[in-house]
Structure formats: C-alpha cells, structure tokens
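> For reference, the sequence and a predicted model appear below.
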Number of protein chains: 2
Amino acid sequence: GAAARAWAWLLACVAAAWGRVAGFAREVWRIGADDPRKVVHGLKVGLSLALVSIFYYTRPLYDGVGGAATWAIMTVVAVFEYTVGGSVQKSFNRAVATASAGVLALGVHWVADKTGEFEPYILTGSLFLLAAAATFSRFIPTVKAQFDYGVTIFILTYNLVAVSGYRVESVDELAALVQQRISTIAIGILTCLAVAIFVCPVWAGQELHLLTTRNMDKLAAALQGCVEHYFAEGPAAQPQARSDCDRCVLNSMAYEDEQVNLALWEPAHGRFGFCHSYDQYGKVGAAMRACACCVEALSSCASAETQAPEHVKRLLRDACTRAGARCAQVLREASRSVATMTASSRALDVAVADMNTAVHELQGDMRSLPSMLAETSLVMDTMPVFTVGSLMVEIAVRVQGIVDVVNKLAACF
Amino acid sequence: GAAARAWAWLLACVAAAWGRVAGFAREVWRIGADDPRKVVHGLKVGLSLALVSIFYYTRPLYDGVGGAATWAIMTVVAVFEYTVGGSVQKSFNRAVATASAGVLALGVHWVADKTGEFEPYILTGSLFLLAAAATFSRFIPTVKAQFDYGVTIFILTYNLVAVSGYRVESVDELAALVQQRISTIAIGILTCLAVAIFVCPVWAGQELHLLTTRNMDKLAAALQGCVEHYFAEGPAAQPQARSDCDRCVLNSMAYEDEQVNLALWEPAHGRFGFCHSYDQYGKVGAAMRACACCVEALSSCASAETQAPEHVKRLLRDACTRAGARCAQVLREASRSVATMTASSRALDVAVADMNTAVHELQGDMRSLPSMLAETSLVMDTMPVFTVGSLMVEIAVRVQGIVDVVNKLAACF
C-alpha cells in the first residue's frame, strides 16, 4: 500500500544520498592517495597550531604575551601555505606590513593627538586615503604577484592601530600594543616556518621542476600517440585521451607563474641554489605551450573527416612516424636532462641530430611524393597527408625551440 | 678632479633613480587611466572603512559593540573584493564559517570543561584534528574554488574560541564573546556589501561577458590579419602583434574560471538573472581557445621559411582571404550577438552561410589546384599554400563550434 511505497521511496533516497557521500569520500581518498604530501600538509598545520596554543596553556608563557597570543594563532592560520616559498612570502609580507603600518599609525596618531578636537577627522581622512591608495596598488602586476597579502595586512594594521588608538589613553599604551602585536606575530611566523621547513618540506622550486619534466613527458606521449594513431592501419584507438594530455600542458600557465613567484622566496635547498634560475622554467613552459598548440592542430587534422586513402598514407608513414618518434625522443631526453639537472647531455645532442635527420628525410619524401603519383586526381589525395607532414616539420622546429631554452636552463645548473 | 667626478656620478644616479620612479608612475597612471573603475574601487574600500570606523568615534555606537569593533574593520578589509560576486562569496564564507566554528567550539569547550584537568589535551587534540582535516579539505577542487576563505576562517575562529576559552571564567562569558564577534562581523559585512552594490558596482558576470566578447573580437582580428598578411604582396607588416592577440585568448582560462565562480554568487542585476547561465561562458571560452590554437598554428605556417612562390599563392589568394574574412565576420557577429544578449540573430545565420559558401569555394579551388599546374615540380610549390588552405578549413570547423555554443548561450538569455 501507500506505506510500502513511502518506505521504498525513503530507501531509494537514503541509497542515493549514501551513493553521493561514498562517491565524495572516494574522491577525497583519491586526492590523498595520489599525493600523500597533501595529508602531511594538513597534519603540519595542525601541529603548528598545537605548538602555538601551548602559549595559552602554560602559565609563564601566557603571562609573557597575554591575550595577544591570539595574534600568534591568527598568524599561523593565515601564513601557513602548502609550499615553503608560499609560507616565506606570506611571512615576509605579514611581518613587514605589520611593522611599517604600526609605526606609521603611531606617527599619525601622535600628530593627530596634538591637534585636539580634529583628531577623528585626521584619523579618518588618513585612513581613507591610505586604504584607497593601498587598494589601488594591488592592481599593479608586481604588487599583485608578490605583495598582495602584505597590502591587506598593511591596511588592516593601520586601521586597527590608528582607530583603536582613539580609545586608548596614552601613546605609550598604544606603542605597547603595537610592540606586543609584532612580537606575537614573530612567534607565529617562527613556529610556522620551522614546521614548514623542517617537517617534510614541500618546495615550490621542486614542484615547478617536476611540473616541467612531467609536462614535457606528457607532450612527448601526446605527440607520438597522435602520429601513430593517424598512420595506424585497421581499427584505431580513440585519440581523445591524448588530446586531453596536451590540453593540460596548454593550461598550466597560471599555476606555473605562481610557482615561479613563490620559488623566488625559497632559501637554497637540495640542488636548488638561492634564487635559482626559476625564470627560465617559465620560458621552457612558454616554449612547451607553443609546441602543444601545434600538436593540438596536428591531432585535429589527423581526426578530420577527409582522410587520405590508405595507400597514399603508406607513402609517408615511415618518414612521418619516425620523425614523430624522434621528436618525442628529443622531448624525453630534454625532460631527463632537466630532471637530473645535468648540463646539456650527449644523449640530447644525439637525439636532436636524429630528429633533424628524420625531418630532412620527411621533407625529401614529401618532395618526391607528387612524382610517385603521376595522376592529378591522386595528387589531390596526398594533400591531407602533406598537411600532416608539414605540421610535423613545424612541430620539429618548435621542439628545437624547447631544446634551446632547456639548454639555457641547463647552463644555470 | 675627484670631487667633480663624484658629483657627476651622483647626478647620474639621481637621474637614473628619477627615471625609474617616473616610469613606475607612468605605469601606475596608465593602469588607472585604462580602467578608472580600479581607482573607484580604491575609493570604495576607503569609504567603507571610514564608515565602519564611525563605530569608534561615536559614543553610543562604541558602547554597543565595545572593543570588538576591530572585528568589523577586519571584516571589511578581508571581505571587500573588486567584484560584487567576490565580496558576496567572501562574506558568505566568513559569516557561515564564523558561526559554525563558534558554535562547535562552544560545544567542545563545554564538554572539555566537564572533564576537569584533561581540558587542555581535549582542546589541543580537537584543534589538531579539525585544523588538519580542514586544511586537507582545501585540496578538494570545489572547496578550493568556492570555500577556500571559509576554511581559513573556520580554523581561525575555532582556535580563537576554543583556546582563548581556556582563560575565560565561564561558558556564558565565552558565549558572549562569540555572539559579539558574530554581530560585529555582521556590521562589517553589511557595510561592505552596501558599498559594493550601491556605489558604482563591478559585476563579475559583466566582466565575464565583456571578456568573452572582447576575446572573440581579438580572435577575429588575429585570424583576418594572419591570412591577409600571408597573402599580402610586397613588403608585409610583421605578424608578431597579431600573434600576441590570440595568445591572450589562449591564456585567459584561469581568469575566466575565476569570474565564472564569482558570478554564480551575484544577485540579479541589469539583464543578468540570478544564476544566469554563467557556465556556458566557460564553454564558449573553451571553444575559442580551440580555435585560437589553430589560428596560432596557421600564423606559424604562414611565417615559415619555405614559402610558396607568388604566382602559386595567387591561385588560392582570393578564396583563402575570402574564407578568412568570412570566418572573422562570423566571429564578429557572434560577439555582437553575445554583447547585445539577443537570441541567435539573422545576421549571424547569414554570416555562417557565407562562411560555409566561402569554405566550399576554397575546397573547390584546392581540389582544382593540381590540374592548374601540370608539372610535378610546380605541384611541390603548392604544398605550403595547401597547408594554409587546410588549416583555414579546420579553423572554419572550429568557428562553427564557437557559433554552436554561442547559440546555446543565446538561448538562455
């Protein structure tokens, strides 16, 4: 009856909800399993908060800093980032912005105090102007990239000190407030940086390094897969998955730029010196994107509707697949040269020479193509294959461009 | 003598420093002049801070909220974003995270209070676990995109309440602290949203809309410029500037995704309903990037070293430039259809039909190309032109793809 139907409906609802929850849990589990460092990062944040909260629980420490210990907690929460570079950048921003805004606010407060009844107007006016100027400065690209957080903290501190100063009796009391705030922020920053650097550190420089090599390998796989798929005989695999691969190379610019900006803040670690040539990674990324764009065009030409007949394809197959494989090989060697941080290796030089030979052969085959097929109707059939061939040549040019920047990068190691 | 040289050196230094400062000032001026809304945004932030600081200067208001008024200032600084969507998103995050973390911390504090001497351990343990879990949750893409700030505030509030609760006498006092904090945050949020919405609002949805139409126009210009440059006779202009144009289409993904995420939070405004079909803009962007990739490949083929001789180029010139111009025309019509928010216009349909005709003619010309040049050596010369022609056909396919998503978007208006 109705009760049974209601019961069945309820069961279905619960099952659907359970399915969604289970799916979400699987997704979360996958994120953690793919990169356990993310779980470790969570534990690190918990650890540094627990360390800072000791200031509340132990009497002598609490007496030292008092209620201002909340600032230490805030600092840890705000400053702790996934990479060491991110944490250092935010710490620097927070420390410098707090100190400069605090001192400036004390000065303005002292001046305003002398004027007597105009105090609120001077304070509000300076607050308005400084906040407007600081907010506008965030639109300047350099400020946005490196000092965005510092500007926020500058406005915040200036406001807190200048405005709450109005209700404080003397300038000395206000100075004590500023000094206390700075010292608790220092405690927070030191805790945070100590945990970030000494407990399983994640370096932005290394992330950038890995991203570059991984993208290069992906590009190599996409290129080779695309060429092989085009010239494959019989039922071929679908090329969609490969196309996604070079799309993630194309879309990695924002993440890459961010990592470059953060890596600049990192102290020397492992084989990365202080201010390692991180800018060069950005150039390698740009060269890779130019190449990925061409691979993308090639893969769309390869899956176009008007296909050349099999026997025409066969004429360029060997030269083209060889050129594709050699280009991929160059990319893999370049990736290895970056990964091992060795100055331009012999293997890379050999691979480049092989690639150039293969490309010359391909060009030769393309040139002799019309003579092999005398009839003009057949010449028409060769056109799509020819397009693929000339894109292949263009890709080789861009791979050469990647090798050039990789060599410049390798010279910095 | 030495003094004169030192003087000259000093002057040179001052001149160089002055030059850098002047250059920076020009850059800043240009940013403001290009988009005066950025200057207005700075003034808006200053205005809302001045409004909030009134709570400090007027006795009755100050007596109402007391020293907690600092939280209102912090809220305004932290929550005020360039777009209305950004401000609403952060306000929501801050309000919900503060309330939920406050209530949770009160509950845990109440439980810990009953256990007596174990209180610090229970508090620290819960703090550690919650902070670790919350930090890890930021790696989940949805949380990262929409609730990143909320997670920070959740950890922060939980810590402040739970830990500072240890030094507070009674639970009632702690509850009053939480309630006071929530009410001052509400004051900050209301001030901020009122200023953001009623004083020259900047809508993320409109930004997204403008970005889409602007990118489409840029793509049209890049495409037409590239084709015309290739077939131009005599000394041609350098194609670099155009290539940069479609590169900014290629690299706009991160900014676009952000705007889509923010626009979803905006109330209905102008011709944009609540939860307007902002996702569709993302799809239009993806289609444009696919097309820009092909234009990029075309422009690199057009500037390749091996060029077809002039008389061969001339055979395809008319058909190719016409196809390019028609494709660009379709893009411009599509851009206008998006800009005016009209359902698929007749002009767009006509432009698409024109484009298809032009592409058919181009394909016909390409097919008859070999028969026009009987000698096989000459056939070889046609190959580069043929490559440009087939890329042109591929671009037309992708322009058609853009039109399809634009029509889907227009159906939602």
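Yes, it's here. Numbering: from 1, shown residues only, chains lettered A, B, ... in the order given.
> how close does the residue sitting nearest the centre point of chain A sit to residue A:7?
In chain A, the centroid-proximal residue (C-alpha atoms, centre = their mean) is residue A:255; its distance is 2.5 Å. Distance from residue A:255 to residue A:7, counting by C-beta to C-beta, to the nearest Å: 50 Å. Any C-beta I mention is one placed from the backbone N, CA and C, and that applies to glycine too.
> What is the neighbour count of the residue nearest to residue A:298 when sequence neighbours are not counted?
The shortest distance from residue A:298 to any non-neighbouring residue, by C-beta to C-beta, 6 or more residues apart in numbering or on different chains, is to residue A:391 (4.5 Å). For residue A:391, the count of nearby residues is 27 (other C-beta atoms under 10 Å in any protein chain shown).
> Now do the longest helix along chain A and helix B:376-412, the angle between them.
For chain A, the helix reaching the highest residue count under DSSP state H is reported as helix A:376-412. Helix A:376-412 runs at 80 degrees relative to helix B:376-412, counting by axes from the mean of the first three to the mean of the last three C-alpha atoms, to 10 degrees.
> Check which residues of helix A:376-412 are buried.
A:376, A:379-396, A:398-403, A:405-407, A:409-410 (16 or more other C-beta atoms under 10 Å in any protein chain shown).
> Could you report the neighbour count for the spatially closest residue to residue A:365 that is not a sequence neighbour?
With C-beta to C-beta, 6+ apart as the criterion, residue A:365 has its nearest non-adjacent residue at 4.3 Å, and that residue is residue A:319. Counted with other C-beta under 10 Å, residues neighbouring residue A:319 total 20.
> how far away is residue A:319 from chain B?
According to C-beta to the nearest C-beta, to the nearest Å, residue A:319 and chain B sit 15 Å apart.
> Compute the mean per-residue pLDDT across the helix or strand hosting that residue, please.
Using DSSP states H and E, residue A:319 sits within helix A:310-339. Confidence over helix A:310-339 (mean pLDDT, whole number) is 86.
> what packs against it?
On a contact count with 3 or more C-beta pairs under 8 Å, 6 or more residues apart in numbering or on different chains; DSSP states H and E, helix A:310-339 meets helix A:204-231, helix A:346-372, helix A:376-412.
> what angle do the shortest one and helix A:310-339 make?
When the same axes, to 10 degrees is applied, the directions of helix A:346-372 and helix A:310-339 differ by 160 degrees.
> With the first one instead?
Counting by the same axes, to 10 degrees, helix A:204-231 lies at 170 degrees to helix A:310-339.
> for helix A:204-231, the distance to its chain's centre please.
Relative to its parent chain, helix A:204-231 has a centroid offset of 16 Å by C-alpha atoms, centre = their mean, to the nearest Å.
> try the second one
Going by C-alpha atoms, centre = their mean, the spacing between the C-alpha centre of helix A:346-372 and its chain's C-alpha centre is 36 Å.
> What helices and strands are in contact with it?
Short answer (3+ C-beta pairs under 8 Å, 6+ apart): helix A:346-372 packs on helix A:310-339, helix A:376-412, helix B:376-412.
> And that helix, what's buried?
Those would be A:347-348, A:351-352, A:354-355, A:358-359, A:361-363, A:365-366, A:369-370, for helix A:346-372 by 16+ other C-beta under 10 Å.
> Also stretch A:102-118?
Quick answer for stretch A:102-118 (16+ other C-beta under 10 Å): A:102, A:104, A:105, A:106, A:108, A:109, A:112, A:113.
> With distance to chain B, pLDDT and secondary structure added, can I get those residues in CSV?
Listed next are the buried residues of stretch A:102-118 as CSV, based on distance: C-beta to the nearest C-beta, whole Å; pLDDT from 0 to 100; DSSP: H, G, I helix; E, B strand; the rest coil:
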residue, distance to chain B, pLDDT, secondary structure
A:102, 14, 88, helix
A:104, 15, 90, helix
A:105, 12, 88, helix
A:106, 17, 86, helix
A:108, 13, 86, helix
A:109, 13, 83, helix
A:112, 12, 82, helix
A:113, 15, 79, helix
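> Count the neighbours of residue A:264 for me.
Neighbour count for residue A:264, taken as other C-beta under 10 Å: 19.
> Apart from its chain neighbours, what residue comes closest to it?
Per C-beta to C-beta, 6+ apart, closest to residue A:264 is residue A:278, 5.9 Å.
> Return the residues of the stretch 201-350 of chain A in contact with chain B.
A:250-251, A:253-254, A:289-290, A:293-294, A:296-297, A:300-301, A:304 (C-beta under 8 Å from any C-beta of the partner chain).
> Would you confirm that residue A:331 contacts residue A:217?
Yes. With contact defined as C-beta atoms under 8 Å, residue A:331 counts as touching residue A:217 (7.4 Å).
> higher neighbour count, these two?
More crowded of residue A:331 and residue A:217, by other C-beta under 10 Å: residue A:331, with 28 against 18.
> How much space separates that one from residue B:251?
22 Å.
> hmm, who's touching stretch A:27-42?
A:82, A:199-200, A:202, B:131-137, B:139-140 (C-beta atoms under 8 Å, 6 or more residues apart in numbering or on different chains).
> Got a quick ChimeraX command for the buried subset of those?
For the buried members of the contacts of stretch A:27-42, the matching ChimeraX selection, counting by 16+ other C-beta under 10 Å, is:
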select /A:82,202 /B:131,132,134,135,136,137,139,140
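> how deep is the residue nearest to residue A:264 tucked in, by neighbour count?
Residue A:278, neighbours per other C-beta under 10 Å, totals 22.
> And the one 5 residues further on, by the same measure?
Other residues near residue A:283 number 17, with proximity taken as other C-beta under 10 Å.
> Excluding chain neighbours, give the residue nearest to it in space.
Using C-beta to C-beta, 6+ apart and skipping the chain neighbours, the partner closest in space to residue A:283 is residue A:405 (4.8 Å).
> Secondary structure element holding the residue lying closest to residue A:171 once chain neighbours are set aside?
Spatial nearest neighbour of residue A:171, chain neighbours left out: residue A:110 (5.8 Å); criterion: C-beta to C-beta, 6+ apart. Element membership of residue A:110, judged by DSSP H and E, is helix A:84-115.
> now for that helix, which elements pack on it?
By 3+ C-beta pairs under 8 Å, 6+ apart, helix A:84-115 packs against helix A:69-79, helix A:119-137, helix A:148-164, helix A:171-198, helix A:204-231, helix A:253-263.
> Is it possible to get CSV of the helices and strands packed on helix A:346-372 that adds distance to residue B:89?
Output for those, formatted as CSV (distance: least, C-beta to C-beta, whole Å):
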stretch, distance to residue B:89
helix A:310-339, 38
helix A:376-412, 39
helix B:376-412, 22
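> Can I get the helices and strands packed on helix A:84-115 in a markdown table including distance to residue A:38 and mean pLDDT?
Formatted as a markdown table, those follow (distance: least, C-beta to C-beta, whole Å; pLDDT from 0 to 100):
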| stretch | distance to residue A:38 | mean pLDDT |
| --- | --- | --- |
| helix A:69-79 | 18 | 85 |
| helix A:119-137 | 33 | 87 |
| helix A:148-164 | 22 | 86 |
| helix A:171-198 | 14 | 85 |
| helix A:204-231 | 12 | 88 |
| helix A:253-263 | 15 | 87 |
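> wait, which of those helices is closest to residue B:284?
Each of the helices and strands packed on helix A:84-115 has some distance to residue B:284 by C-beta to C-beta; the shortest is helix A:253-263, at 19.2 Å.
> Next, the buried residues of that closest one.
Buried-residue list, helix A:253-263, by 16+ other C-beta under 10 Å: A:253, A:256, A:257, A:258, A:259, A:260, A:261, A:262, A:263.
> between the residues you listed, which is nearest chain B?
residue A:253 (5.4 Å; C-beta to the nearest C-beta).
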